[in-house]
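# Show me the folded form of this:
(one chain, ligands or ions: 2)
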Amino acid sequence: MITEVFTANQLKKEAPVFGQLSFDNHEQVVFCQDKDTGLKAIIGVHNTILGPALGGTRMYDYATEWDALNDVLRLSRGMTYKAAITGLNLGGGKAVIIGDPKKIKTPELMKRFGKFVHTLGGKYYTAEDVGMETSDMDTVREVTPYVTGISESKGGAGNPSPVTAYGVYMGMKAASKFAYGNDALEGKRILVQGIGHVGEELVRLTSEEGAKVIISDINQERLEAVSTKYGVDIYKGDDLYAETADIYAPCALGATVNDQTIDKLKVKVIAGAANNQLANENIHGPLLQKKGIVYAPDFLINAGGIINVYAEIEGYGRDQIIAKTEKIYDTTLDILNKAKATNVTTNAAAISIAEDRIAARKNEM
Ligand SMILES: NC(=O)C1=CN([C@@H]2O[C@H](COP(=O)(O)OP(=O)(O)OC[C@H]3O[C@@H](n4cnc5c(N)ncnc54)[C@H](O)[C@@H]3O)[C@@H](O)[C@H]2O)C=CC1
Ligand SMILES: O=C(O)CCC(=O)C(=O)O
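Ligands and ions are numbered 1, 2, ... in the order given. Next up is the predicted model:
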(Lines give C-alpha, C1' and ligand atoms only; values in the text may rest on other atoms or scores of the structure.)
(Ligands and ions follow the chains in the order given, each with its own letter.)
Protein backbone atom coordinates (compact mmCIF):
# COMPACT_ATOMS: atom_id res chain seq x y z
CA MET A 1 0.00 0.00 0.00
CA ILE A 2 1.36 3.39 -0.95
CA THR A 3 1.88 5.57 2.10
CA GLU A 4 3.70 8.57 0.73
CA VAL A 5 4.40 10.50 -2.42
CA PHE A 6 8.15 10.58 -2.56
CA THR A 7 10.14 13.22 -4.31
CA ALA A 8 13.53 12.64 -5.84
CA ASN A 9 15.47 14.15 -2.98
CA GLN A 10 13.70 11.87 -0.51
CA LEU A 11 15.08 8.73 -2.15
CA LYS A 12 16.94 6.60 0.32
CA LYS A 13 20.14 5.36 -1.23
CA GLU A 14 20.51 2.44 1.16
CA ALA A 15 16.91 1.20 0.68
CA PRO A 16 15.86 -1.31 -2.00
CA VAL A 17 14.53 0.18 -5.24
CA PHE A 18 11.21 -1.65 -4.96
CA GLY A 19 10.47 -0.19 -1.53
CA GLN A 20 10.75 3.39 -2.71
CA LEU A 21 8.74 5.91 -4.66
CA SER A 22 5.26 4.59 -5.42
CA PHE A 23 6.21 0.96 -6.10
CA ASP A 24 3.20 -1.13 -5.08
CA ASN A 25 3.79 -4.66 -6.25
CA HIS A 26 4.14 -3.50 -9.86
CA GLU A 27 4.69 -6.44 -12.18
CA GLN A 28 7.08 -4.80 -14.60
CA VAL A 29 8.66 -1.44 -15.28
CA VAL A 30 10.37 -0.90 -18.63
CA PHE A 31 12.84 1.89 -19.32
CA CYS A 32 13.09 2.83 -22.99
CA GLN A 33 15.71 5.08 -24.53
CA ASP A 34 16.62 6.06 -28.07
CA LYS A 35 19.21 8.78 -28.58
CA ASP A 36 18.43 9.26 -32.29
CA THR A 37 14.88 10.43 -31.63
CA GLY A 38 15.49 11.79 -28.12
CA LEU A 39 13.05 9.28 -26.65
CA LYS A 40 13.17 8.58 -22.93
CA ALA A 41 10.12 6.68 -21.79
CA ILE A 42 9.03 4.46 -18.93
CA ILE A 43 6.25 1.90 -19.24
CA GLY A 44 4.67 0.75 -15.98
CA VAL A 45 2.74 -2.50 -15.89
CA HIS A 46 1.07 -2.64 -12.51
CA ASN A 47 -1.17 -5.69 -12.71
CA THR A 48 -2.41 -8.03 -15.44
CA ILE A 49 -4.67 -10.40 -13.50
CA LEU A 50 -7.86 -9.16 -15.17
CA GLY A 51 -6.30 -8.77 -18.61
CA PRO A 52 -3.64 -6.89 -20.53
CA ALA A 53 -2.51 -3.68 -18.88
CA LEU A 54 -4.06 -0.70 -20.65
CA GLY A 55 -3.40 2.97 -20.03
CA GLY A 56 -2.47 6.12 -21.83
CA THR A 57 0.93 7.64 -22.45
CA ARG A 58 1.68 10.94 -20.75
CA MET A 59 4.27 13.20 -22.33
CA TYR A 60 5.46 15.78 -19.86
CA ASP A 61 8.51 17.87 -19.08
CA TYR A 62 9.20 16.29 -15.69
CA ALA A 63 11.55 18.13 -13.34
CA THR A 64 13.53 14.92 -12.81
CA GLU A 65 13.53 11.36 -14.15
CA TRP A 66 12.55 10.20 -10.65
CA ASP A 67 9.41 12.31 -10.88
CA ALA A 68 8.61 10.59 -14.17
CA LEU A 69 9.13 7.17 -12.61
CA ASN A 70 6.99 8.07 -9.63
CA ASP A 71 4.24 9.33 -11.93
CA VAL A 72 4.15 6.19 -14.05
CA LEU A 73 4.04 4.03 -10.91
CA ARG A 74 1.10 5.99 -9.51
CA LEU A 75 -0.74 6.25 -12.82
CA SER A 76 -0.39 2.55 -13.70
CA ARG A 77 -1.66 1.48 -10.27
CA GLY A 78 -4.67 3.75 -10.72
CA MET A 79 -5.44 2.06 -14.03
CA THR A 80 -5.61 -1.35 -12.33
CA TYR A 81 -8.33 -0.07 -10.02
CA LYS A 82 -10.07 1.86 -12.80
CA ALA A 83 -10.43 -1.19 -15.04
CA ALA A 84 -11.42 -3.42 -12.11
CA ILE A 85 -14.16 -1.18 -10.73
CA THR A 86 -15.52 -0.50 -14.20
CA GLY A 87 -15.90 -4.23 -14.81
CA LEU A 88 -13.47 -4.35 -17.74
CA ASN A 89 -11.19 -7.30 -18.40
CA LEU A 90 -8.08 -5.19 -18.34
CA GLY A 91 -5.10 -4.75 -16.11
CA GLY A 92 -3.41 -1.52 -15.19
CA GLY A 93 -0.56 0.10 -17.07
CA LYS A 94 0.57 3.51 -18.16
CA ALA A 95 3.56 5.06 -19.91
CA VAL A 96 5.37 8.35 -19.59
CA ILE A 97 7.58 10.03 -22.15
CA ILE A 98 9.95 12.56 -20.65
CA GLY A 99 10.05 15.94 -22.40
CA ASP A 100 7.95 18.85 -23.58
CA PRO A 101 5.66 17.58 -26.36
CA LYS A 102 5.73 21.00 -28.03
CA LYS A 103 9.51 20.76 -28.33
CA ILE A 104 10.49 17.13 -28.86
CA LYS A 105 7.48 15.19 -30.12
CA THR A 106 7.99 13.92 -33.67
CA PRO A 107 6.45 11.04 -35.64
CA GLU A 108 9.85 9.27 -35.45
CA LEU A 109 9.88 9.51 -31.66
CA MET A 110 6.30 8.24 -31.43
CA LYS A 111 7.10 5.32 -33.74
CA ARG A 112 10.18 4.44 -31.73
CA PHE A 113 8.03 4.49 -28.61
CA GLY A 114 5.49 2.27 -30.36
CA LYS A 115 8.23 -0.24 -31.16
CA PHE A 116 9.06 -0.46 -27.47
CA VAL A 117 5.37 -1.03 -26.69
CA HIS A 118 5.41 -3.77 -29.34
CA THR A 119 8.26 -5.61 -27.59
CA LEU A 120 5.89 -6.29 -24.69
CA GLY A 121 3.83 -8.47 -27.03
CA GLY A 122 0.40 -7.23 -25.93
CA LYS A 123 1.02 -7.24 -22.20
CA TYR A 124 0.59 -3.45 -22.36
CA TYR A 125 -1.72 -1.46 -24.65
CA THR A 126 -1.19 2.26 -24.89
CA ALA A 127 -3.55 5.20 -25.51
CA GLU A 128 -3.68 9.00 -25.02
CA ASP A 129 -2.96 10.93 -21.86
CA VAL A 130 -1.70 14.46 -21.22
CA GLY A 131 0.53 15.67 -24.06
CA MET A 132 -0.89 13.20 -26.59
CA GLU A 133 -3.35 13.50 -29.46
CA THR A 134 -5.40 10.91 -31.31
CA SER A 135 -3.09 11.49 -34.30
CA ASP A 136 -0.12 10.35 -32.14
CA MET A 137 -1.88 7.04 -31.52
CA ASP A 138 -2.44 6.71 -35.27
CA THR A 139 1.32 7.10 -35.69
CA VAL A 140 2.02 4.46 -33.02
CA ARG A 141 -0.47 2.18 -34.80
CA GLU A 142 1.86 2.13 -37.82
CA VAL A 143 4.33 0.02 -35.82
CA THR A 144 2.22 -1.95 -33.34
CA PRO A 145 -1.35 -3.22 -32.92
CA TYR A 146 -1.05 -2.74 -29.13
CA VAL A 147 -2.48 0.76 -29.18
CA THR A 148 -5.98 2.17 -28.71
CA GLY A 149 -7.53 5.61 -29.03
CA ILE A 150 -7.17 5.52 -32.81
CA SER A 151 -9.05 7.90 -35.11
CA GLU A 152 -12.47 6.80 -36.26
CA SER A 153 -11.32 7.29 -39.85
CA LYS A 154 -8.70 4.61 -39.20
CA GLY A 155 -11.18 2.19 -37.62
CA GLY A 156 -10.76 3.27 -33.99
CA ALA A 157 -13.19 4.69 -31.46
CA GLY A 158 -11.71 8.19 -31.72
CA ASN A 159 -10.62 10.68 -29.08
CA PRO A 160 -11.62 9.26 -25.67
CA SER A 161 -11.73 12.64 -23.91
CA PRO A 162 -15.38 13.60 -24.56
CA VAL A 163 -16.48 10.25 -23.15
CA THR A 164 -14.21 10.75 -20.15
CA ALA A 165 -15.86 14.11 -19.58
CA TYR A 166 -19.32 12.56 -19.84
CA GLY A 167 -18.38 9.97 -17.20
CA VAL A 168 -17.02 12.70 -14.92
CA TYR A 169 -20.28 14.59 -15.42
CA MET A 170 -22.21 11.44 -14.39
CA GLY A 171 -20.00 10.98 -11.33
CA MET A 172 -20.35 14.67 -10.43
CA LYS A 173 -24.13 14.44 -10.59
CA ALA A 174 -24.12 11.33 -8.41
CA ALA A 175 -21.85 13.04 -5.86
CA SER A 176 -24.18 16.07 -5.90
CA LYS A 177 -27.14 13.82 -5.27
CA PHE A 178 -25.31 12.33 -2.30
CA ALA A 179 -24.17 15.69 -0.93
CA TYR A 180 -27.18 17.89 -1.72
CA GLY A 181 -30.06 15.45 -2.07
CA ASN A 182 -30.53 16.16 -5.79
CA ASP A 183 -28.31 15.79 -8.81
CA ALA A 184 -29.15 19.03 -10.57
CA LEU A 185 -26.08 21.08 -11.38
CA GLU A 186 -28.12 24.13 -12.38
CA GLY A 187 -27.06 27.08 -10.25
CA LYS A 188 -24.15 25.23 -8.67
CA ARG A 189 -20.81 27.03 -8.64
CA ILE A 190 -18.26 24.68 -10.20
CA LEU A 191 -14.52 25.34 -10.36
CA VAL A 192 -12.97 23.53 -13.32
CA GLN A 193 -9.18 23.44 -13.05
CA GLY A 194 -7.64 22.51 -16.41
CA ILE A 195 -9.67 23.04 -19.56
CA GLY A 196 -7.82 20.70 -21.90
CA HIS A 197 -9.33 17.80 -23.82
CA VAL A 198 -11.50 16.64 -20.92
CA GLY A 199 -11.95 19.88 -18.99
CA GLU A 200 -13.37 21.80 -21.93
CA GLU A 201 -16.04 19.18 -22.59
CA LEU A 202 -16.92 19.13 -18.90
CA VAL A 203 -17.34 22.90 -19.07
CA ARG A 204 -19.73 22.42 -22.00
CA LEU A 205 -21.82 19.78 -20.23
CA THR A 206 -22.06 21.62 -16.90
CA SER A 207 -22.62 25.09 -18.35
CA GLU A 208 -25.33 23.75 -20.67
CA GLU A 209 -27.09 22.44 -17.57
CA GLY A 210 -27.02 25.92 -16.08
CA ALA A 211 -24.12 25.59 -13.63
CA LYS A 212 -22.10 28.70 -12.78
CA VAL A 213 -18.76 27.50 -14.12
CA ILE A 214 -15.45 29.16 -13.30
CA ILE A 215 -12.42 28.02 -15.26
CA SER A 216 -8.74 28.06 -14.49
CA ASP A 217 -5.75 27.02 -16.59
CA ILE A 218 -2.11 27.97 -17.07
CA ASN A 219 -2.85 28.52 -20.76
CA GLN A 220 -4.27 32.05 -21.11
CA GLU A 221 -5.23 31.65 -24.76
CA ARG A 222 -7.32 28.58 -24.01
CA LEU A 223 -8.95 30.31 -21.06
CA GLU A 224 -10.13 33.15 -23.24
CA ALA A 225 -11.30 30.86 -26.03
CA VAL A 226 -13.25 28.54 -23.71
CA SER A 227 -14.70 31.47 -21.75
CA THR A 228 -16.02 33.06 -24.93
CA LYS A 229 -17.27 29.78 -26.41
CA TYR A 230 -19.36 28.75 -23.38
CA GLY A 231 -19.94 32.10 -21.65
CA VAL A 232 -18.18 31.01 -18.46
CA ASP A 233 -16.05 33.07 -16.07
CA ILE A 234 -12.27 32.91 -15.83
CA TYR A 235 -10.93 32.56 -12.28
CA LYS A 236 -9.24 35.84 -11.44
CA GLY A 237 -8.06 35.23 -7.88
CA ASP A 238 -4.67 33.98 -6.74
CA ASP A 239 -5.72 30.88 -4.78
CA LEU A 240 -8.25 28.65 -6.46
CA TYR A 241 -8.22 26.19 -3.57
CA ALA A 242 -9.54 28.84 -1.15
CA GLU A 243 -12.41 29.85 -3.45
CA THR A 244 -15.95 29.37 -2.19
CA ALA A 245 -17.83 27.02 -4.49
CA ASP A 246 -20.04 23.95 -4.49
CA ILE A 247 -17.87 21.66 -6.58
CA TYR A 248 -14.17 21.51 -7.36
CA ALA A 249 -13.38 19.61 -10.57
CA PRO A 250 -9.63 18.92 -10.91
CA CYS A 251 -9.05 18.31 -14.62
CA ALA A 252 -5.34 19.13 -14.96
CA LEU A 253 -2.63 17.06 -13.28
CA GLY A 254 -2.81 14.97 -10.10
CA ALA A 255 -2.00 15.50 -6.41
CA THR A 256 -3.83 18.83 -6.07
CA VAL A 257 -5.44 17.63 -2.84
CA ASN A 258 -2.35 17.82 -0.69
CA ASP A 259 -0.90 19.17 2.56
CA GLN A 260 -0.84 22.72 1.19
CA THR A 261 -4.39 22.81 -0.22
CA ILE A 262 -6.55 20.61 1.96
CA ASP A 263 -7.11 23.03 4.81
CA LYS A 264 -8.23 25.75 2.44
CA LEU A 265 -10.86 23.76 0.54
CA LYS A 266 -14.38 25.10 1.09
CA VAL A 267 -16.22 23.02 -1.50
CA LYS A 268 -18.69 20.30 -0.61
CA VAL A 269 -17.87 18.00 -3.54
CA ILE A 270 -14.68 17.08 -5.41
CA ALA A 271 -15.36 15.43 -8.75
CA GLY A 272 -12.97 15.75 -11.65
CA ALA A 273 -11.03 13.97 -14.36
CA ALA A 274 -7.43 14.22 -13.16
CA ASN A 275 -5.78 10.94 -12.27
CA ASN A 276 -4.45 10.59 -8.70
CA GLN A 277 -6.06 13.70 -7.24
CA LEU A 278 -5.11 12.77 -3.68
CA ALA A 279 -1.39 13.35 -3.10
CA ASN A 280 -1.52 10.64 -0.47
CA GLU A 281 -4.71 8.60 -0.35
CA ASN A 282 -4.05 7.40 3.21
CA ILE A 283 -3.66 10.92 4.55
CA HIS A 284 -5.77 13.14 2.34
CA GLY A 285 -8.67 10.68 1.92
CA PRO A 286 -9.36 10.61 5.69
CA LEU A 287 -8.85 14.38 5.95
CA LEU A 288 -11.48 15.01 3.28
CA GLN A 289 -13.81 12.63 5.08
CA LYS A 290 -13.24 14.53 8.35
CA LYS A 291 -13.97 17.83 6.63
CA GLY A 292 -17.22 16.39 5.23
CA ILE A 293 -16.09 16.89 1.63
CA VAL A 294 -17.61 14.30 -0.69
CA TYR A 295 -14.80 12.96 -2.86
CA ALA A 296 -15.86 11.06 -5.98
CA PRO A 297 -12.87 8.73 -6.52
CA ASP A 298 -11.03 9.82 -9.67
CA PHE A 299 -10.37 6.34 -11.05
CA LEU A 300 -14.07 5.58 -10.79
CA ILE A 301 -15.57 8.64 -12.45
CA ASN A 302 -12.91 9.25 -15.12
CA ALA A 303 -13.32 5.77 -16.62
CA GLY A 304 -15.18 6.97 -19.72
CA GLY A 305 -11.91 7.13 -21.64
CA ILE A 306 -10.92 3.56 -20.90
CA ILE A 307 -14.45 2.42 -21.71
CA ASN A 308 -14.14 4.18 -25.06
CA VAL A 309 -10.72 2.79 -25.97
CA TYR A 310 -11.53 -0.74 -24.74
CA ALA A 311 -14.27 -0.80 -27.38
CA GLU A 312 -11.48 -1.06 -29.94
CA ILE A 313 -10.27 -4.33 -28.38
CA GLU A 314 -13.67 -5.84 -27.52
CA GLY A 315 -15.52 -4.54 -30.56
CA TYR A 316 -18.54 -3.00 -28.81
CA GLY A 317 -20.16 0.07 -30.33
CA ARG A 318 -21.22 3.59 -29.41
CA ASP A 319 -24.43 2.59 -27.60
CA GLN A 320 -22.55 0.30 -25.24
CA ILE A 321 -19.86 2.90 -24.68
CA ILE A 322 -22.48 5.40 -23.56
CA ALA A 323 -24.42 2.83 -21.49
CA LYS A 324 -21.27 1.71 -19.64
CA THR A 325 -20.28 5.34 -19.07
CA GLU A 326 -23.71 6.25 -17.70
CA LYS A 327 -23.38 3.38 -15.23
CA ILE A 328 -20.72 5.51 -13.50
CA TYR A 329 -23.63 7.43 -11.91
CA ASP A 330 -25.02 4.37 -10.07
CA THR A 331 -21.60 2.97 -9.16
CA THR A 332 -20.56 6.32 -7.70
CA LEU A 333 -23.73 6.63 -5.64
CA ASP A 334 -23.36 3.03 -4.40
CA ILE A 335 -19.77 3.64 -3.35
CA LEU A 336 -20.51 6.92 -1.60
CA ASN A 337 -23.32 5.22 0.32
CA LYS A 338 -21.15 2.21 1.13
CA ALA A 339 -18.34 4.45 2.39
CA LYS A 340 -20.78 6.29 4.65
CA ALA A 341 -22.34 3.10 5.97
CA THR A 342 -18.98 1.49 6.75
CA ASN A 343 -17.25 4.72 7.84
CA VAL A 344 -14.36 4.42 5.41
CA THR A 345 -13.15 6.94 2.87
CA THR A 346 -14.80 6.92 -0.52
CA ASN A 347 -11.43 6.14 -2.10
CA ALA A 348 -10.90 3.14 0.19
CA ALA A 349 -14.44 1.89 -0.47
CA ALA A 350 -13.82 1.99 -4.22
CA ILE A 351 -10.41 0.32 -3.94
CA SER A 352 -11.78 -2.48 -1.82
CA ILE A 353 -14.43 -3.34 -4.44
CA ALA A 354 -11.78 -3.27 -7.16
CA GLU A 355 -9.43 -5.43 -5.10
CA ASP A 356 -12.19 -7.97 -4.41
CA ARG A 357 -12.76 -8.37 -8.13
CA ILE A 358 -9.05 -8.87 -8.79
CA ALA A 359 -8.73 -11.34 -5.90
CA ALA A 360 -11.73 -13.35 -7.14
CA ARG A 361 -10.16 -13.64 -10.61
CA LYS A 362 -6.81 -14.61 -9.11
CA ASN A 363 -8.50 -17.42 -7.18
CA GLU A 364 -10.00 -18.78 -10.39
CA MET A 365 -6.59 -18.94 -12.10
N1 LIG B 1 -8.08 12.36 -21.87
C2 LIG B 1 -8.73 11.39 -21.24
O3 LIG B 1 -9.59 10.72 -21.83
C4 LIG B 1 -8.45 11.10 -19.81
C5 LIG B 1 -7.76 12.00 -19.03
N6 LIG B 1 -7.59 11.75 -17.69
C7 LIG B 1 -6.87 12.70 -16.86
O8 LIG B 1 -7.55 13.96 -16.90
C9 LIG B 1 -6.60 15.02 -16.82
C10 LIG B 1 -6.75 15.94 -18.02
O11 LIG B 1 -6.51 15.20 -19.20
P12 LIG B 1 -6.59 15.89 -20.64
O13 LIG B 1 -7.71 16.84 -20.65
O14 LIG B 1 -6.55 14.79 -21.61
O15 LIG B 1 -5.21 16.67 -20.66
P16 LIG B 1 -4.84 17.98 -21.47
O17 LIG B 1 -3.37 18.02 -21.52
O18 LIG B 1 -5.62 18.06 -22.73
O19 LIG B 1 -5.38 19.16 -20.51
C20 LIG B 1 -4.80 19.49 -19.31
C21 LIG B 1 -5.02 20.98 -19.11
O22 LIG B 1 -4.57 21.33 -17.80
C23 LIG B 1 -3.86 22.54 -17.89
N24 LIG B 1 -2.99 22.66 -16.73
C25 LIG B 1 -1.79 22.09 -16.50
N26 LIG B 1 -1.32 22.45 -15.29
C27 LIG B 1 -2.28 23.25 -14.75
C28 LIG B 1 -2.40 23.94 -13.51
N29 LIG B 1 -1.45 23.87 -12.58
N30 LIG B 1 -3.52 24.68 -13.28
C31 LIG B 1 -4.47 24.78 -14.22
N32 LIG B 1 -4.42 24.13 -15.40
C33 LIG B 1 -3.33 23.40 -15.66
C34 LIG B 1 -3.15 22.48 -19.23
O35 LIG B 1 -2.76 23.77 -19.67
C36 LIG B 1 -4.23 21.85 -20.08
O37 LIG B 1 -5.09 22.82 -20.66
C38 LIG B 1 -5.23 14.34 -16.70
O39 LIG B 1 -4.88 14.21 -15.34
C40 LIG B 1 -5.45 12.97 -17.31
O41 LIG B 1 -4.55 12.02 -16.81
C42 LIG B 1 -8.14 10.65 -17.08
C43 LIG B 1 -8.85 9.74 -17.82
C44 LIG B 1 -8.98 9.84 -19.26
O1 LIG C 1 -8.55 7.60 -21.84
C2 LIG C 1 -7.58 7.03 -22.32
O3 LIG C 1 -6.90 7.51 -23.23
C4 LIG C 1 -7.20 5.67 -21.87
C5 LIG C 1 -7.37 5.45 -20.43
C6 LIG C 1 -6.39 6.19 -19.59
O7 LIG C 1 -5.22 6.28 -19.87
C8 LIG C 1 -6.89 6.82 -18.37
O9 LIG C 1 -8.05 6.59 -18.02
O10 LIG C 1 -6.13 7.55 -17.73
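# Could you find the closest non-adjacent residue to the closest residue to ligand 2 within the stretch 1-150 of the chain?
For the stretch 1-150 of the chain, the residue closest to ligand 2 is Gly56, as judged by CB to the nearest ligand atom, at 2.9 Å. The way it works is simple: take the backbone N, C-alpha and C, and place the C-beta from them, glycine included. Closest residue in space to Gly56, ignoring its immediate chain neighbours: Asp129 at 3.3 Å, by CB to CB, 6 or more residues apart in numbering.
# and the gap between that neighbour and ligand 1?
Distance, Asp129 to ligand 1, using CB to the nearest ligand atom, to the nearest Å: 5 Å.
# contacts for the lengthiest helix in the chain?
Selection of the longest helix in the chain by residue count, based on DSSP state H, yields helix 318-342. With contact meaning CB atoms under 8 Å, 6 or more residues apart in numbering, helix 318-342 is reached by 85-87, 157, 163, 166-167, 170-171, 173-175, 177-178, 183, 289, 294, 296-297, 300-301, 303-304, 307-308, 311, 345-346, 348-350, 353.
# Identify the spatial nearest neighbour of Asn47, chain neighbours not counted.
Per CB to CB, 6+ apart, closest to Asn47 is Thr80, 4.3 Å.
# Now the host helix or strand of the one you found: buried residues?
Here Thr80 sits within helix 65-86, counting by DSSP states H and E. Residues of helix 65-86 classed as buried: 66-86 (neighbour count, 16 or more other CB atoms under 10 Å).
# what subset of these is also close to ligand 2?
Lys82 (CB under 6 Å from any ligand atom).
# what sits against Tyr169?
202, 205-206.
# Around ligand 2, pick out the residues from this protein.
So far as CB under 6 Å from any ligand atom goes, the chain lies against ligand 2 at 55-56, 82, 127-129, 149, 160, 164, 275, 302, 305-306, 309.
# can you pick the most crowded of those residues?
Highest neighbour count within these: Gly55, with 34 neighbours (other CB atoms under 10 Å).
# now that residue: how far from Leu75?
Gly55 sits 7 Å away from Leu75, taking CB to CB, to the nearest Å as the criterion.
# Off-centre distance for stretch 64-76?
Here stretch 64-76 is found 14 Å from its chain centre; the criterion is CA atoms, centre = their mean, to the nearest Å.
# what's the answer for stretch 162-171, then?
For stretch 162-171, the distance to the chain centre is 12 Å (CA atoms, centre = their mean).
# and it with ligand 1, contact?
Yes. Under the criterion of CB under 6 Å from any ligand atom, stretch 162-171 makes contact with ligand 1 via Thr164.
# State the mean pLDDT of that stretch.
Per-residue pLDDT over stretch 162-171 has a mean of 98.
# and if you look at stretch 226-240?
Stretch 226-240 comes out at a mean pLDDT of 97.
# For it, which residues meet the burial criterion?
Quick answer for stretch 226-240 (16+ other CB under 10 Å): 226-227, 230, 232, 235, 240.
# In the protein, what residue lies closest to ligand 1?
Gly196 (1.7 Å).
# hmm, back to that, tell me the contacts of the residue of the stretch 1-150 of the chain closest to ligand 2?
Residues in contact with Gly56 (CB under 8 Å, 6+ apart) are 94-95, 126-129, 132, 149, 305.
# from the contacts of Tyr169, which are also near ligand 1?
Within these, nothing lies near ligand 1 by CB under 6 Å from any ligand atom.
# Relative to Asn258, which of those is nearest.
Leu202 (21.9 Å; CB to CB).
# Tell me, what's the model's pLDDT at that closest one?
98.
# name the element it belongs to?
Assigned by DSSP H and E, Leu202 belongs to helix 197-208.
# Distance from that helix to the middle of the chain?
16 Å.
# That concludes my questions; thank you for your assistance.
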